[in-house]
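Student: Generate coordinates for the sequence data below:
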Amino acid sequence: MPPREPYLLQVPAGAWPPAGPATPAGAYAPAGGDGMEFFRKLWRCKWLVLGAAAAGGLLAAGVSTTLEPRYSAESQVLIGAQVPKVTQVPDVLQELSANQEVVQSESYVLQSRGLAAEVARRLALDRDPEFNPALRPPPPWWRQQIARAKDWLKTEVVKPLLGGGSDAAAGTHPEMTEAERRERLQQIVVSQLLSRLEVSPLQRSHVLAIDVQSESPETAARVANGLADTYIEQQLARRATATADANQWLDKRIAELRRKVEESERAVAEYRRANGLYETRSDEVTAQQVSELNTQLILAESAQAEADSRLAQAQKVAHDKAPPEALPEVLSSPLIQALKTQQTDLQRQAAELASTYGPQHPKMLDMKAQLADIRGKVAAEVGKVVEGLRHEDAAARARATALRKSLDQVQAKMGQTNEKSIRLHELERQAESNRRLLVSFLDREKEVSDQPDGKDASSVVISRAAVPLSPSYPPSTMLVLLGLIGGTLIGILVGLVRENMDRSFRTAQQLEDATNLPTLGMLPPPGRRSFAGVQDARRSNSPFGHAIGNLFERLVFAPQARARKVLMLTSATPREGKSRIAASLIRMATGSGLRVIILDCDWRRPAVHDYFAHAMAPGLGDLLAGAASAEDVVFHDGTSGAHAIFAGDVSRIANGALRYERLRLLLTTLARHYDLVILDAPPVLAGSEAAALAQMAEEVAFVVRWGSTPRAAVVEALNHLEMAGARLGGTILSDVDPKGYRRYGTGEAVYGYAQRPVTRAA
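Tutor: Numbers count the residues shown, from 1 in each chain. From the prediction side, this is the model:
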């Protein structure tokens, strides 16, 4: 094989390292998630969740064993039960209508303090230590201390803060009397009973369930049945009391109404007698008089009008000298008709004599005298008729006037009578109202007296409480289930918080998303520390050796990599495994037939010499200070064939530009003789040396420790390197836990070769 040209010969003079982009051209872009990250987080913290759930279940089970067991007894009461009605007489107290509002109201009655006090009295619950705290044995010492602490906080801390002052400042309460002590004891017993009582409707029915809890099963059943029985008895008592009160009130009211009826009827009679308002079968006397006078007045006025008409006609006949025969009265008069007949006969005779005798003939004169006498008689009779008509008209007018005057007088009297009748009608209405009210109350009194004495209640006990056989509290199964659920939720919460607060890198994808750099390799921790780890790298069938081989191939034999180059390994913080990785790469490169050398440039904490089991000096510090030659400082590993320059006496490395210039010249010389020069640089955030060394390297590999290096430190260190002009080739994830990686990734971190079975000769 012809000798290859030294690397530095390909670079123009004065340009080390070659100019190039600060970031790789093929840098990865952040990849989006697949929506399963939340479930992956849960899966990673599954053991924490399971442990928290088990702890919660065990804690709940332990708590349930320490709680005092209680027994629950239930009796059931039907509200609005059907009661047989023998009559249609309404009750004094109406039956309870079956609706949800009434059922809810009766449930409150069952939970009232009055009913509870009566039950406590009947069952003598003040003698039961469960309901009377004074009869209980003293609590344990630790509970007494807790109670004292609560009292102290209440009196010395809470009250002063609220402005109420302490009991000492307010003064002590005077001693209670015996009656007050009994009342206080009763209130305590009632409160204890109500705290163990629960009344609730059964679904959408009209049945109330009375549930009582007690430490004794017999007491629970006894109290539940006592509450139901006392409720029914009080309901019956209310009905009987209401009926008795109604009878008493009705008797008193009826007596008052009788007195009022008598007084009102007496007032009507006295008023009639005082005002002359007598009753007839049809109407009042004054009204009858007015009716009769109206009839007579109408007839009188009609007669007057007729008389006026005849008189006017007679006066017109007399005034106009008209023949009297025009008057109907004249025509109807027999005397005048007889005189007219005689006059007609005399005129006929006179006409006969006139043909014989002359006007002065005695017969003619005698005839004329007879005619004149007849005419005088007729005229006298007509005058009498007219005078009769005049008298008749005057009589009719006088009668009408008299009747009208009488009617006016009677009407005036009737007006006075009407005014008096208004008060009379009012008195009569009052008397009638009192009579009707008295009759209705008498009827109601008869109905109430005929009712039964409240022996039928509108509520009945349909199920009496039986003595429970097993405790209902504590609900051990429910508590354990809640403990498991609570522990699971707490485990999930703690696990998610831990996952979200984990600021390190767990997968190559996370590292690539944060740095926008490709991941060159993922290295598991070696089987043993120090030099043994480097030895393990040469075992290609081990996980660490396989991972180092993959990293070496990507750094050296990748299409974009050069056969010979200066490679720098650095990290953000110390203890991330870069020195171990550098030493392992040197041994892997030597095994591949390359000429390689490693320089320990971590002057603050040198470690390369430990991996080769050699002293640190003489080394790079001595060479740069001129205290040693190149032959003195280059170490040759006889086992692997690798060359190394250790840190040497770090105190001789002077600060300033001179050391970097000498180091640049050293790298130029080494690059001419070696195919690969690896710089073990110090951490970026530990000092400024890493940034200066990055300018001399062709490629920088950045080491990140799995699950340890903070993300902010990695990003900050990479920013420093980019500002220094470093050529970042990618990142290396070190100390990857294969099992832990499976929890975060989608596959294995490292795939090792399976060892072949050894075949023994027969």
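Student: helix or strand right after the one helix or strand in the chain whose mean pLDDT sits lowest?
Tutor: Counting by mean pLDDT, DSSP states H and E, the chain has its least confident helix or strand at helix 167-170, which shows a mean of 44. Using DSSP states H and E, the helix or strand that follows helix 167-170 in sequence is helix 178-195.
Student: quick one: contacts of that next one?
Tutor: Under the criterion C-beta atoms under 8 Å, 6 or more residues apart in numbering, residues 111, 113, 116-117, 119-120, 125-126, 130-134, 176, 223 lie in contact with helix 178-195. C-betas here are computed from N, CA, C, even on glycine.
Student: Repeat the analysis, applying 6 Å as the threshold.
Tutor: The contact list for helix 178-195, computed with C-beta atoms under 6 Å, 6 or more residues apart in numbering, reads Arg113, Ala116, Ala117, Ala120, Leu125, Asp126, Phe131.
Student: Off-centre distance for the top helix by length along the chain?
Tutor: Among the segments of the chain that qualify as a helix by DSSP state H, the longest is helix 362-450. Relative to the centre of its chain, helix 362-450 is centred 88 Å away, using C-alpha atoms, centre = their mean, to the nearest Å.
Student: Show me how the protein divides into domains.
Tutor: Using automatic domain parsing, the domain parsing of the chain gives 52-67+478-501, 71-244+455-463, 285-450, 504-744.
Student: Can you lay out the ones you listed as CSV showing mean neighbour count and distance to Pro471?
Tutor: Below are the domains of the chain laid out as CSV (neighbours: other C-beta atoms under 10 Å; distance: least, C-beta to C-beta, whole Å):
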stretch, mean neighbour count, distance to Pro471
domain 52-67+478-501, 16, 10
domain 71-244+455-463, 15, 5
domain 285-450, 15, 51
domain 504-744, 20, 45
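Student: Go ahead and confirm Met367 touches Ala351.
Tutor: No - in this structure Met367 lies outside contact range of Ala351 using C-beta atoms under 6 Å: 9.4 Å.
Student: how about the nearest residue to Leu58, chain neighbours excluded?
Tutor: Leaving out its chain neighbours, the residue that sits closest to Leu58 by C-beta to C-beta, 6 or more residues apart in numbering is Gly483, at 7.5 Å.
Student: Packing partners of the host helix or strand of the one you found?
Tutor: Applying DSSP H and E as the criterion places Gly483 in helix 476-501. Helix 476-501 sits against helix 46-66, with contacts defined as 3 or more C-beta pairs under 6 Å, 6 or more residues apart in numbering; DSSP states H and E.
Student: neighbouring contacts of the helix it packs on?
Tutor: 474, 476, 479-480, 483-484, 486-488, 490-492, 495.
Student: That one to helix 476-501, inter-axis angle?
Tutor: Interaxial angle, helix 46-66 versus helix 476-501 (axes from the mean of the first three to the mean of the last three C-alpha atoms, to 10 degrees): 150 degrees.
Student: ok, the following helix or strand past helix 46-66: who's next to it in the sheet?
Tutor: Sequence-wise, the next helix or strand downstream of helix 46-66 (DSSP H and E) is strand 71-79. Sheet neighbours of strand 71-79, with direction, are listed as strand 207-214 (antiparallel), strand 459-463 (antiparallel) (DSSP bridges).
Student: re earlier: summarise which helices and strands the longest helix of the chain is packed against.
Tutor: helix 217-275, helix 285-319, helix 328-331, helix 334-354.
Student: Out of these, which gets nearest to Leu599?
Tutor: Closest to Leu599 of the helices and strands packed on helix 362-450, according to C-beta to C-beta: helix 217-275, at 87.1 Å.
Student: Show me what the closest one is packed against.
Tutor: Using 3+ C-beta pairs under 6 Å, 6+ apart, helix 217-275 sits against strand 71-79, helix 113-123, strand 207-214, helix 362-450.
Student: Average pLDDT for it, rounded please.
Tutor: In this model, helix 217-275 has an average pLDDT of 82.
Student: Could you do stretch 607-627 as well?
Tutor: Mean pLDDT, stretch 607-627: 87.
Student: Also stretch 643-662?
Tutor: pLDDT averaged over stretch 643-662 gives 81.
Student: That stretch: end-to-end distance?
Tutor: Start-to-end span of stretch 643-662 (C-alpha to C-alpha, to the nearest Å) is 20 Å.
Student: so how far is it from its chain's centroid?
Tutor: 75 Å.
Student: Contacts for it, please.
Tutor: Residues contacting stretch 643-662 (C-beta under 6 Å, 6+ apart): 597-600, 603, 606, 608-609, 612, 616-622, 624-625, 633-636, 692.
Student: again, only this time at 7 Å
Tutor: 586, 596-600, 602-603, 606, 608-609, 612, 614, 616-625, 627, 633-637, 692 (C-beta atoms under 7 Å, 6 or more residues apart in numbering).
Student: Please apply the same query to stretch 590-608.
Tutor: Contacts of stretch 590-608 (C-beta under 7 Å, 6+ apart): 538, 574, 579, 582-583, 586, 589, 609, 616, 619-621, 640-647, 650, 653, 670, 674-682, 686-687, 689, 693.
Student: Take these and keep only those in strands.
Tutor: Judged by DSSP state E, those include His643, Ala644, Ile645, Leu676, Val677, Ile678, Leu679, Asp680 as members of strands.
Student: Ignoring the adjacent residues along the chain, who's closest to the fifth one?
Tutor: Yep, that's Val677 we're talking about. That would be Val566: by C-beta to C-beta, 6+ apart, it lies 4.6 Å from Val677.
Student: Before we go further, that neighbour is sitting in a helix, right?
Tutor: No - read with DSSP: H, G, I helix; E, B strand; the rest coil, Val566 is strand and lies in no helix.
Student: Read off the pLDDT value for it.
Tutor: pLDDT, Val566: 89.
Student: My guess is it contacts Glu698. True?
Tutor: Yes - using C-beta atoms under 7 Å, Val566 is in contact with Glu698, at 4.9 Å.
Student: one step back: any chance of the helices and strands packed on helix 362-450 in CSV, plus distance to Val467?
Tutor: Shown next, in CSV, are these (distance: least, C-beta to C-beta, whole Å):
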stretch, distance to Val467
helix 217-275, 5
helix 285-319, 88
helix 328-331, 124
helix 334-354, 131
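Student: Sketch out the low-pLDDT regions of the stretch 351-500 of the chain for me.
Tutor: 411, 413-425, 444-457 (pLDDT under 70).
Student: same thing with the stretch 1-150 of the chain?
Tutor: The stretch 1-150 of the chain contains residues with pLDDT under 70 at 1-35, 81-98, 142-143.
Student: For Pro518, which of the helices and strands packed on helix 362-450 is the nearest?
Tutor: Among the helices and strands packed on helix 362-450, the nearest to Pro518 by C-beta to C-beta is helix 217-275 (74.3 Å).
Student: now the angle from that closest one to strand 207-214?
Tutor: Using the same axes, to 10 degrees: helix 217-275 against strand 207-214 is 130 degrees.
Student: roughly how far is helix 217-275 from the heart of the chain?
Tutor: 46 Å.
Student: Residues in contact with the helix or strand containing Ala713: which ones?
Tutor: Taking DSSP H and E as the criterion, Ala713 maps to helix 711-723. Here helix 711-723 makes contact (C-beta under 7 Å, 6+ apart) with 22-23, 503-505, 514-515, 572-573, 684-685, 691, 694, 700, 702, 704, 728.
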